[in-house]
Every structure is written in C-alpha cells, then in structure tokens.
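Asks: Sharing a model that was predicted from the sequence below.
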Amino acid sequence: MKKLFNTLLLAVLALAVVPAAPLRAADAPAPSLEQRIASLEAYVNNTDPTAPLKDKDGKIPDGLATPTSAAAGPGHNGFQMVCAALVLFMTLPGLFLFYGGLVRKKNMLSVVAQCFGIAGLVTILWYLFGYSFVFADGAKAWIGDFSKFAMLKDVGPGPNTNYAYWVSHSVFSMYQLMFAIITPALILGAIAERMKFSAVLLFVGIWMVVVYFPLAHWVWGVNGAMNGVWNADAKIKAIDFAGGTVVHMSSGWSALILCLILGPRIGHPKEPMQPHSMTMCAIGTGMLWVGWYGFNAGSAVAADGIAANAFMTTTIAAAVASFVWALLEWVLRGKPSILGFCSGAVAGLVVVTPACGFITAGGSFAIGILAGLVPFLACAYLKPAFKYDDALDTFGVHAVGGTLGAILTGMLARNSANGNLATNLKAQVTDTLFQPLLVEQLKAVVVTLVLSIVATVIIAFIVKAVVGLRPTEEVERTGLDVSEHGEEAYHG
Amino acid sequence: MKKIEAIVKPFKLEEVKDALHEVGIEGMTVSEVKGFGRQKGHTEIYRGSEYTVDFLPKIKVEVVVADGKAAEVTAAIIKAAKTGKIGDGKIFVSTVEEAIRIRTEEKGESAV
C-alpha cells in the first residue's frame, strides 16, 4: 500500500515538474531547415535569432518559431553569469579590502559593514522597483516605469531582446544589480571613518532612487534620454559603455559633496592616519582589476567580438596607468609606492570604463597614460591645496577619472572598434578627435554633474535632520568598529 | 648589582644576545619599543597625505649583573651593537637594590 502511495506521489511530482509540451496550433507554420540553421547561426554571431523568420514586411507569421528563436544561448548566458559574479566580487570583498586596508584598524569593520549593508539594501530596492525603473521598455525618456518589472515580475529565463539576444532576462537583471551595488559603495571612500552606519544606509537608500536609478535609465534604458547607441530618439546622443557617468562620475561627485558637508575626520590633518594594511589594499586592488573584466567585457552582454575588444582595452589602460602613476611618484617624490601602483590601476580602469567597448588598442594606450597622470595630480596636489578630507580619494580617482573618461570616450570612439556606432550615431562618430560626439559627451557630463551635486546636497541635509550624519566624538575616537558594530577586526 | 638597559637597532638583537652569552650572561629581558633620539623619524606619503613618523622601532635589552661585571657587559653590548651610524641607540646603567628568584627565594647576586 505504502509502495503504491509512493509511486503515485512520484507520478504526481513528475507531472508537476516536467513542463508540458508547448501548445502549438495544428496549423502553425513549421520553420524551414534554412530558417532553423540561420536562427542557430545567429547564436554564434550574437544577432537576432528571429530575423530569418521575418517576412518581407518585417513581420513574423503567427506561430512561426525555431527551437532557438526565443531561448538563451548557453555560451553567452554562462559568460554573463560569470561576469555578474565578477562584478559582485569587486565589492565583496574587492572594494572593502581596497578601502579597508586604507583606513585605521579601528575602522576596518565599518567599511566591511557598509559594503554588506549596501549589497542587501540595494538588492531589496532593485527587486521592488529599481530594475523596472531603469530597464523597463515603453517608459518615458527621462522617467522610468516603476511597475512593469516590479518584484522582477516576468523576468525569466528567456532573453529580453531590448538588451541581449542570447542572455536570460533573469541573468541580465542580476548582472545590472551588481553595478547598482558597487556604485554607492564607491562613495564610502570619501566619508570613511566618520559617518554613522544608519546615516550611510539612509543616504544610500535615497540616493539610489534619486540619482542612480534615473541616471542608469537615461544612459542604459532602451528608450533612455542619453542612450545614444540604441535609442534613435535620444535627447543627448552620448555613449557610456560600462558606466563612466552612471557609476564613477555620479558616485565620485556625490562623494565630494557629502565629504564637504560631513567635514573632516577628527584630528585631520594633524594626527597621523596612515593606512593600517597596504597589503590588504593591494589584495583588494588585484580583485578589483580581475573583477573589472566582468564589469567592462561583460557590458557587451554577450561573449562576442565587442566583449573581446573591451577585454583588451581594459587590460592595456589599467596596466599603463598603474605604471605611469608609480613612475610619476618616482620622478616627482623619489619613491614609487605600492599605493601608487594600486591607485594607478584603479584610475586606469575607471577612465577606460565608459570607453572600453568603443575604442581601439591605441585609444586605450592613450587613456592609460592620461589616467595615470590626471587623477594623480588631483590626489597629490588638488586635495592638499583645498584641504578637503576625501579620506580614500573617491573624488580624485572616480570623479576626476570618470569625467576624464566620459570626455575621452567622445574623442576616441571609433567605428572600427564597434560597428553599433554606425546604427544611430553616424553623424556623431566621424573617427576624428574632435568629432561631434564630444559635444554630446560634454552635455552628458553636465547633466550628471548637476544631478549628482544638487541631489547629494538635498539628501545629505535630509539625513542630517532625520538621523544625524556624524557619530559622537567619543565614538569616532574609539573607532566605529567597537562603537557601532560591537566587534574588533583584530585581537591580540 | 647593576641593571643595564640597552636600546639597540632591531637587527642587532641576535649579535647582542650572542655577545652577552660570551661574557657569561645567562638571562635577559627583551622588549620591542618605539622612540626617537637624534636620528629623528621619517616621512611617509600616501597619495596627497604626508605623515612624519617620529617613533622608530627599537629593541630594549635588560640585564642585571654583579657590580664588578657591569663594565665588561656594557663593553660587549657596544661592540656588538655599534654600526657607527646615527641611530645605534643608548645604554643606561643603574643600581639595583634587591633581586629575588621566585622559585627558591634566593636573594642578592646569586639570584640574578
């Protein structure tokens, strides 16, 4: 009896698990062998698998489909999942080791806590409405759609062909989530060692809704106002491959404003505040560099030739900038430092981010040199001259580097590096240094600057009024780890 | 009895220890300390931030010996720890009133 019951149970489970065969009307047209092969070839070339099914008017006859015309392609999809994990790896633990090594040991865990806190908070916002706001189609150019993909409704294993022909919609949404996590985490570098944990979370929560989600929608949303590559009706025909404006400029400029409102750390600049572990900082830098391949090459949203080009340009820019920064220190100050190598690598990666999928190897070499030079000058001379306490140089590296990258992208984008530039930007990309695209990039820079600065001022004062920005002097002197988290990073 | 405190460069510790062994010293106390004298500190630069590090790491060796042995011991330490460069350290000699071995409760010179 029991055996019979078990068999029945298994049968019921099997019925529930095995998907029903897709229902197809008896008279649905069958694809020809040529259509099936062309649909499959589209996988190799990362093109539209439904293109061979369309008739002369560009319409697909009712019910016509091939086995691969609406499925995710395993290679592209697998690549994208690895890239998503790499981008998360940039924050946890890459960024918290890079930043954590640079703070004093009494504040190491506060950086870790802030990174984890942001990972959770941003994921919740992303799930509830963030993803929908940024990427839902049919939204307005300047304002996204809160509800279409709210709670990741209809975000399934099939591709969302607005963004990728062969990557699952679910994977795409998680990949983009990792960008949303690291961006506010970058701000932490400017406010390290002196902001209440509750204030950090409240600030980031509002900042995501007011700054990141709109900006990401404008630049990457399929009908976003600044999506020059894919939106033929873009108001500003700017381009940003992996987040120069959206990620680095927004976080970097907001970081400067927040650090000015917050004020310097107690004791700055009289008391010594050396990094507590340059080893940890260097480990974090290595992780950032490796993770950045997911960030930049992955932004092609396919394992295709554009991703391959971005992989190459990313490597060259990072390595050259790291070398140049340390070399400048050697010449101007006598010693090439580890922090110099690390800062240069990160600066190179930041500057090449908006450009990596649009430029040639030569372009990335030029970016590497400028990325080693300009942010170095900002960190070494601008900061001491103006005496602001950008504790870990978020402004010097990310704001200066991100802005430089957005401008250089306008000058160095080439049709030979990315054929998609010819789709909607024929008039802008003329393969010269001062091509019309540069003006569009400058417009995007101004829009990003204004949004980041104005919004940060307002949010900072709201947070100050609601929970307060700074901990008490005693808490700050003791260290945020013991005071706010009840733990110490190192014992004995 | 005399207490001899020698502040020396960290990398000289092994040579000082061996030299003390050779003159018959059987026990000593060693601690890692920080400080500065005429050598002063050094400057560390982290991007735009410069810090002067005043306190340099040194090793302090303490031994207590019979009055008559103090000169021989200080000479041995000087010979072992000297590099001739600034920052070699200092030796302080002071008088000790009493010494007690806890296990046997022996007192005086037989306890050191």
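Replies: Looks like it arrived, so ask away.
Asks: export the biggest helix by length in chain B as PDB, just CAs?
Replies: The longest helix of chain B (DSSP state H) is helix B:70-81. Only the C-alpha atoms of helix B:70-81 are listed here, as PDB (Å, rounded to 0.1, in the frame of the first residue of the first chain):
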ATOM      1  CA  ALA B  70      78.900  45.800  34.500                       C
ATOM      2  CA  ALA B  71      81.800  47.300  32.600                       C
ATOM      3  CA  GLU B  72      82.500  44.100  30.800                       C
ATOM      4  CA  VAL B  73      78.900  43.700  29.800                       C
ATOM      5  CA  THR B  74      78.500  47.200  28.500                       C
ATOM      6  CA  ALA B  75      81.600  46.900  26.500                       C
ATOM      7  CA  ALA B  76      80.300  43.700  25.000                       C
ATOM      8  CA  ILE B  77      77.000  45.300  24.000                       C
ATOM      9  CA  ILE B  78      78.700  48.300  22.500                       C
ATOM     10  CA  LYS B  79      81.000  46.100  20.400                       C
ATOM     11  CA  ALA B  80      78.000  44.000  19.100                       C
ATOM     12  CA  ALA B  81      75.500  46.900  18.500                       C
END
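Asks: Looking at residue 20 now. What's its pLDDT?
Replies: In the absence of a named chain, chain A is used. Model confidence at A:A20, given as pLDDT, is 47.
Asks: actually chain B
Replies: pLDDT, B:L20: 96.
Asks: Please tell me I have it right and it contacts B:K69.
Replies: No: using Cβ atoms under 8 Å, B:L20 is not in contact with B:K69; the gap is 10.9 Å. For glycine as for every other residue, the C-beta is placed from the backbone atoms N, C-alpha and C.
Asks: neighbour-wise, which of those two wins?
Replies: B:L20 (22 against 18; other Cβ atoms under 10 Å in any protein chain shown).
Asks: for the more buried one, what are its contacts?
Replies: B:28, B:61, B:63, B:73, B:76-77 (Cβ atoms under 8 Å, 6 or more residues apart in numbering or on different chains).
Asks: Could I get the phi/psi values of it?
Replies: B:L20 adopts backbone torsions of phi -70, psi -40, taken as degrees, to the nearest 10.
Asks: CA atoms only for the helix or strand just after the longest helix of chain B - export them in PDB, please.
Replies: Using DSSP states H and E, the helix or strand that follows helix B:70-81 in sequence is strand B:89-95. C-alpha atoms of strand B:89-95 as PDB (Å, rounded to 0.1, in the frame of the first residue of the first chain):
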ATOM      1  CA  GLY B  89      70.900  53.500  20.400                       C
ATOM      2  CA  LYS B  90      71.900  54.100  24.000                       C
ATOM      3  CA  ILE B  91      72.900  52.200  27.200                       C
ATOM      4  CA  PHE B  92      71.700  53.200  30.700                       C
ATOM      5  CA  VAL B  93      73.300  51.700  33.900                       C
ATOM      6  CA  SER B  94      71.600  52.000  37.200                       C
ATOM      7  CA  THR B  95      71.900  50.500  40.700                       C
END
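Asks: Buried ones in strand B:89-95, by neighbour count?
Replies: B:G89 (16 or more other Cβ atoms under 10 Å in any protein chain shown).
Asks: For that strand, which outside residues touch it?
Replies: Outside strand B:89-95, the residues within contact range by Cβ under 8 Å, 6+ apart are B:1-9, B:37, B:58, B:70, B:74, B:77-78, B:81.
Asks: Tell me which helix or strand B:K3 sits in.
Replies: strand B:2-8.
Asks: now swap in B:K40 and tell me
Replies: Per DSSP H and E, there is no helix or strand for B:K40.
Asks: Quick one: residues contacting it.
Replies: Taking Cβ under 8 Å, 6+ apart as the test, what B:K40 contacts is B:D54.
Asks: Backbone dihedrals for it, both of them.
Replies: phi 60, psi -180.
Asks: now the end-to-end length of stretch A:414-424.
Replies: 14 Å (Cα to Cα, to the nearest Å).
Asks: Pull the residues that contact it.
Replies: Contacts of stretch A:414-424 (Cβ under 8 Å, 6+ apart): A:228-232, A:234, A:237, A:239, A:306, A:309, A:357-360, A:363, A:413, A:429, A:431.
Asks: sorry, back to before: just the angle between the longest helix of chain B and strand B:89-95, please?
Replies: Helix B:70-81 and strand B:89-95 are oriented at 170 degrees to each other (axes from the mean of the first three to the mean of the last three Cα atoms, to 10 degrees).
Asks: Regarding chain B, what is its longest strand?
Replies: Longest strand of chain B, by residue count under DSSP state E: strand B:56-65.
Asks: how about that strand as CSV, C-alpha atoms only?
Replies: Extracted C-alpha coordinates of strand B:56-65, given in CSV (Å, rounded to 0.1, in the frame of the first residue of the first chain):
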residue,chain,number,x,y,z
LEU,B,56,61.1,54.3,15.2
PRO,B,57,61.1,50.7,16.3
LYS,B,58,63.9,49.7,18.6
ILE,B,59,64.7,46.7,20.9
LYS,B,60,65.3,47.2,24.6
VAL,B,61,67.6,44.6,26.3
GLU,B,62,67.6,44.5,30.1
VAL,B,63,70.1,42.5,32.1
VAL,B,64,71.0,42.7,35.8
VAL,B,65,74.6,41.8,36.8
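Asks: Can you spell out which helices and strands pack onto it?
Replies: strand B:2-8, helix B:13-22, strand B:29-35, helix B:70-81 (3 or more Cβ pairs under 8 Å, 6 or more residues apart in numbering or on different chains; DSSP states H and E).
Asks: Of these, which stretch is the most buried?
Replies: Ranked by mean neighbour count, the helices and strands packed on strand B:56-65 are led by strand B:2-8 with a mean of 20 (mean count of other Cβ atoms under 10 Å in any protein chain shown).
Asks: picking up where we left off before, closest one of the contacts of strand B:89-95 to B:I100?
Replies: Nearest to B:I100 among the contacts of strand B:89-95 is B:M1, at 11.6 Å by Cβ to Cβ.
Asks: show me the contacts for the closest one.
Replies: B:64-67, B:95-96, B:99, B:108-109, B:112.
Asks: The spatially most central residue of chain B bridge partners, please.
Replies: The residue lying closest to the centre of chain B (Cα atoms, centre = their mean) is B:A6, at 2.4 Å. The partner list for B:A6 in beta bridges (DSSP bridges) reads B:V61, B:I91.
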